[in-house]
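> quick one: sequence plus predicted model below, questions after.
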Amino acid sequence: MDNCPICGAEAERLPKTGDSEGFDCSRHGKFKVADSVFAIETNGRWESALVKAKARAKVDELPLIMTYDF
Ligand SMILES: [Zn+2]
């Protein structure tokens, strides 16, 4: 088990793909976070970042949160 970076709840860590980490949160669903995001100051704006990532994702893709979503 790991913790959702958005809400801090326990979340499954998905198999690592490329330059991102994947999470499966009971509240936020499955999504990916670019490794570079963990190095920036996110100021608690994870919820809006996920909204932007979801809007960008194609139907067969998981949302991928990037640094520019913050
Ligand atoms: Zn969550």
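That came through fine. Quick caveat, the model's predicted, so the values are computed rather than measured. Numbering: from 1, shown residues only.

> rest of the way, CA atoms for contacts and neighbours
Will do.

> ok, and for whichever strand in the chain runs longest, which residues are buried?
Assignment by DSSP state E gives strand 10-17 as the longest strand of the chain. Residues of strand 10-17 classed as buried: 10-13 (neighbour count, 16 or more other CA atoms under 10 Å).

> repeat for stretch 63-70
For stretch 63-70, burial by neighbour count (16+ other CA under 10 Å) applies to 63-67, 69-70.

> so which of these belong to strands?
Counting by DSSP E, the part of those found in strands is 64-65.

> distance to the ion and pLDDT added to the buried residues of stretch 63-70, as TSV?
Converted to TSV, the buried residues of stretch 63-70 look like this (distance: CA to the ion, whole Å; pLDDT from 0 to 100):
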residue	distance to the ion	pLDDT
P63	13	98
L64	14	98
I65	13	98
M66	16	97
T67	18	97
D69	17	97
F70	16	96
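
> now, which of the buried residues of stretch 63-70 sits nearest I6?
Nearest to I6 among the buried residues of stretch 63-70: I65, at 10.8 Å, using CA to CA.

> mind listing what the closest one touches?
Each residue near I65 by CA atoms under 8 Å, 6 or more residues apart in numbering is listed here: 31-34, 37, 49-50, 52-53.

> so which of those belong to helices?
49-50, 52-53 (DSSP state H).

> how about the residues you listed, which pair is most distant?
So, the ones in helices among the contacts of I65 by CA to CA: farthest apart are A49 and A53, at 6.2 Å.
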